[in-house]
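**Q** Quick check, what structure comes out for this input:
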Amino acid sequence: MFPIIGIVVVLGCIAGGYLMEKGNLLVLMQPAELLIIGGAAIGTVLIGNPPHVLKAIVGGILGVFKGSRYTAAIYLDTLRFLNDFFNTARKNSLTSLEEDLDAPDKSALFKRHPNFSKDHEAMLFFCDTMRTLVAGGVEVHDLDSIMELDLEILHKQARMPVAAISTMADSLPGLGIVAAVLGVVITMSALGGPPEEIGHKVAAALVGTFLGILLCYGFLGPIAANLKKQSDAESEYLSALRMGLLAYMKGMSPILALEACRRAIPPHVRPSFKQMDDACRKSATAAPAEVAA
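**A** Modelled structure (predicted):
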C-alpha cells in the first residue's frame with residue numbers, strides 16, 4: 001500500500017510543480033526516449049544475471065507492493081508451532097517425529113501450522129536442523145555453526161536481486177545521457193529547419209536525461225531499498241528461529257526455548273510474553289480436539 005502511495009506522491013509532486021510553471025505534459029511524453037532507456041536497462045539486467053536471479057527480481061518487485069510477510073501474526077504463529085513441536089518431542093521423544101521431519105507435507109503436526117509450512121526456506125531450515133539432531137553424534141556448538149553458515153548463504157542469496165536492481169538503477173542516469181546524446185544527433189541533422197521543429201527535438205533529448213534520473217532516484221532506487229529491508233526481515237525471522245532451536249538443543253524447557261526465540265524477534269513485531277503464552281495455550285487445547293475429530 002505505502003509503495004503505491006509513494007509512487008503517486010512522486011509523480012503527483014513532479015507533475016504538479018511542472019504544471020505550476022505552465023509546463024506542457026505532452027512534451028514529456030517521449031516513447032522513443034523511454035524505449036531507449038528502459039530497454040537498455042532491462043538488457044543490462046539480462047546480461048548480468050542468471051535466470052534464478054531474474055526470477056527472484058520479478059518476485060521481489062511484486063513483493064514490494066504486497067509488503068513484508070514477517071508480521072507480528074506470523075511470528076506468533078511460529079512460536080505456536082515451536083511450542084507444539086517441542087512439547088510433542090518432549091512427550092513422545094524426538095525420534096518419534098523423524099517421519100514428520102522427512103515428509104513435512106504429509107505430517108499432521110505441520111499441517112496444523114500452515115503459515116509456517118508455507119515458508120519454504122524456514123521449513124527446510126527447521127527440518128534439516130532437527131534431522132541432524134535426530135541423527136545424533138553432533139555437538140550443539142557444531143550444529144549451531146552449521147545453522148549460522150546456512151543463514152549466511154540464504155541471506156547472500158536474498159541480496160542478489162537487491163544488488164541487480166541497484167545496479168540497474170545506477171545505470172539509468174547514464175542511459176538517460178545516451179538517449180539525450182542520440183536526441184542531440186537527431187537535432188543536429190535537422191539544423192536549418194523550422195525553429196519549432198528544432199526546439200521540439202531539443203526538448204525530446206532533454207527528456208531522456210530527465211527520465212533516466214527520475215527512474216533511478218524516484219523509482220528503482222527506492223524499490224531496491226525496500227527489497228533490502230525485506231531480505232533483512234527474512235534474515236531476522238530465520239535468526240529468531242535459530243535462537244529457539246539452539247535453546248532447545250541445549251536442553252532448555254520448551255517455554256525457555258520459546259522465550260529465547262521471542263527475545264530475538266525485532267521489537268516492532270515482537271509479541272508480548274502474555275500474547276505468546278495465550279497463543280500456545282490455545283494451540284495446546286485445540287490440538288487434542290483435532291486429534292479426537
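
**Q** Only C-alpha atoms from now on, for both contacts and neighbour counts.
**A** Will do.

**Q** isn't residue 191 right up against residue 201?
**A** No - Residue 191 lies out of contact with residue 201 (C-alpha atoms under 8 Å); the separation is 10.4 Å.

**Q** What segments of the protein are helices?
**A** Secondary structure of the chain by DSSP state H: the helices cover 2-20, 25-28, 31-48, 51-66, 72-92, 98-102, 108-111, 114-117, 120-135, 140-189, 195-214, 221-249, 254-263, 273-292.

**Q** Next, format the ones you listed as JSON lines and append mean neighbour count.
**A** Listed next are these as JSON lines, based on neighbours: other C-alpha atoms under 10 Å:
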{"stretch": "helix 2-20", "mean neighbour count": "12"}
{"stretch": "helix 25-28", "mean neighbour count": "11"}
{"stretch": "helix 31-48", "mean neighbour count": "16"}
{"stretch": "helix 51-66", "mean neighbour count": "15"}
{"stretch": "helix 72-92", "mean neighbour count": "19"}
{"stretch": "helix 98-102", "mean neighbour count": "16"}
{"stretch": "helix 108-111", "mean neighbour count": "16"}
{"stretch": "helix 114-117", "mean neighbour count": "17"}
{"stretch": "helix 120-135", "mean neighbour count": "16"}
{"stretch": "helix 140-189", "mean neighbour count": "18"}
{"stretch": "helix 195-214", "mean neighbour count": "19"}
{"stretch": "helix 221-249", "mean neighbour count": "21"}
{"stretch": "helix 254-263", "mean neighbour count": "22"}
{"stretch": "helix 273-292", "mean neighbour count": "13"}
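
**Q** Redo those as JSON lines? Include mean pLDDT.
**A** Shown next, in JSON lines, are the helices of the chain (pLDDT from 0 to 100):
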{"stretch": "helix 2-20", "mean pLDDT": "90"}
{"stretch": "helix 25-28", "mean pLDDT": "84"}
{"stretch": "helix 31-48", "mean pLDDT": "91"}
{"stretch": "helix 51-66", "mean pLDDT": "90"}
{"stretch": "helix 72-92", "mean pLDDT": "93"}
{"stretch": "helix 98-102", "mean pLDDT": "90"}
{"stretch": "helix 108-111", "mean pLDDT": "90"}
{"stretch": "helix 114-117", "mean pLDDT": "90"}
{"stretch": "helix 120-135", "mean pLDDT": "91"}
{"stretch": "helix 140-189", "mean pLDDT": "91"}
{"stretch": "helix 195-214", "mean pLDDT": "86"}
{"stretch": "helix 221-249", "mean pLDDT": "94"}
{"stretch": "helix 254-263", "mean pLDDT": "94"}
{"stretch": "helix 273-292", "mean pLDDT": "70"}
